[in-house]
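Trainee: this one's structure only:
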């Protein structure tokens, strides 16, 4: 077969971006503001000023999206935050919602 007559295989390798999920922090009357800021800095890698703003948004509005991630990342971060809250005796709550 000459180079002119060779068949080229057509491939459609379109990669799909993974679905994204919002991590939502919920307000409660018992978890300390300092704890919330620390979680935002340590687990969600927010700078202290952004963490403070997010904490106040949660406090005033009852909830705030603190990050958008693929599901596995979102679940890992939420579990780490909830484990820390449980260890410190706070009834802290977070949810994961499809973006």
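Mentor: Structure's in. What do you need? This is a predicted model, so every value here is computed, not measured.
Trainee: the longest helix in the chain is where?
Mentor: Looking across the chain with DSSP state H, the single longest helix is helix 71-88.
Trainee: Other residues contacting the following helix or strand past it?
Mentor: Following helix 71-88 in sequence order, the next helix or strand is strand 93-98 (DSSP states H and E). By CB atoms under 8 Å, 6 or more residues apart in numbering, the list of residues contacting strand 93-98 from outside reads 19-26, 28, 66, 71, 74-75, 78, 81-82. C-beta here means a position set from N, CA and C on the backbone, and glycine is covered the same way.
Trainee: 10 Å instead, please
Mentor: Applying CB atoms under 10 Å, 6 or more residues apart in numbering, the contact partners of strand 93-98 are 19-28, 31, 39, 58, 63, 65-66, 68-69, 71, 74-75, 77-79, 81-82, 85.
Trainee: List the contacts of residue 82.
Mentor: 39, 90, 92, 93, 94.
Trainee: just the buried members of these?
Mentor: Neighbour counting by 16 or more other CB atoms under 10 Å classes 39, 90, 92, 93, 94 among those as buried.
Trainee: Which of the helices or strands spans residue 24?
Mentor: Using DSSP H and E, residue 24 sits within strand 20-26.
Trainee: ok, residues contacting that strand?
Mentor: 31, 36, 39-40, 43-44, 54-55, 57-58, 62-75, 77-78, 81, 92-99.
Trainee: for the buried ones among the contacts of residue 82, which one is nearest residue 14?
Mentor: Minimum distance to residue 14 across those is 33.3 Å, recorded for residue 94 (CB to CB).
Trainee: The closest one pairs with what?
Mentor: residue 25 (DSSP bridges).
Trainee: ok, back up a step: report the angle between the longest helix of the chain and strand 20-26.
Mentor: If you take axes from the mean of the first three to the mean of the last three CA atoms, to 10 degrees, helix 71-88 sits at 20 degrees to strand 20-26.
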